[in-house]
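Student: pasting a predicted model and its sequence here:
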Amino acid sequence: MSFLLRSHLTRFALRNVRQSSDVSFESAQKTMKLMRILSLTVVPFSIIAVGVNAYMIEVEHGKHAVPEYKEYSHIGIMTKKYPWGDGKHTLFHNSRSQGIKGKGYDEQ
């Protein structure tokens, strides 16, 4: 069933290519074969390489210490408390890296 579907879709795609340009049927088939091979070989390795690179960067970033909290008058201005918890923590609060005005970091 999948072979029939793939064959039908391939013919449909190639017919559109032939109608829209002067590309021969054989040339279009070669291009489709090349793109299929590239998408099944090069793309997975590229995704793995990018994932490993991102992981290594994140590990390196995690080794750095959190800088000392500095109180700035223009940061953390709150005119109204949040409707959850104590009203000072944002919904997605990270207690190690986000300081609270007048208190600093929750964890050290």
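Tutor: Nice, thanks for sending it over.

Student: any buried residues in stretch 36-43, and which?
Tutor: Of all the residues in stretch 36-43, not one is buried under the rule 16 or more other CB atoms under 10 Å. For every residue, glycine as well, the C-beta is placed using N, CA and C.

Student: list the contacts of Gly99.
Tutor: Taking CB atoms under 8 Å, 6 or more residues apart in numbering as the criterion, Gly99 is in contact with 69, 76, 105.

Student: check contacts around the last one.
Tutor: By CB under 8 Å, 6+ apart, the residues touching Tyr105 are 66, 69, 95-99.

Student: turn those into TSV, including pLDDT and distance to Val43.
Tutor: Formatted as TSV, the contacts of Tyr105 follow (pLDDT from 0 to 100; distance: CB to CB, whole Å):
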residue	pLDDT	distance to Val43
Val66	78	37
Tyr69	82	44
Ser95	80	39
Arg96	78	36
Ser97	78	34
Gln98	80	37
Gly99	81	42
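
Student: so which of those belong to strands?
Tutor: Under the assignment DSSP state E, the contacts of Tyr105 contribute nothing to strands.

Student: which of those residues tops the neighbour count?
Tutor: Of all those, the highest neighbour tally under other CB atoms under 10 Å goes to Gly99, namely 19 neighbours.

Student: which regions of the protein sit below the pLDDT cut-off?
Tutor: In the predicted model, the chain carries pLDDT under 70 at residues 1-23, 108.
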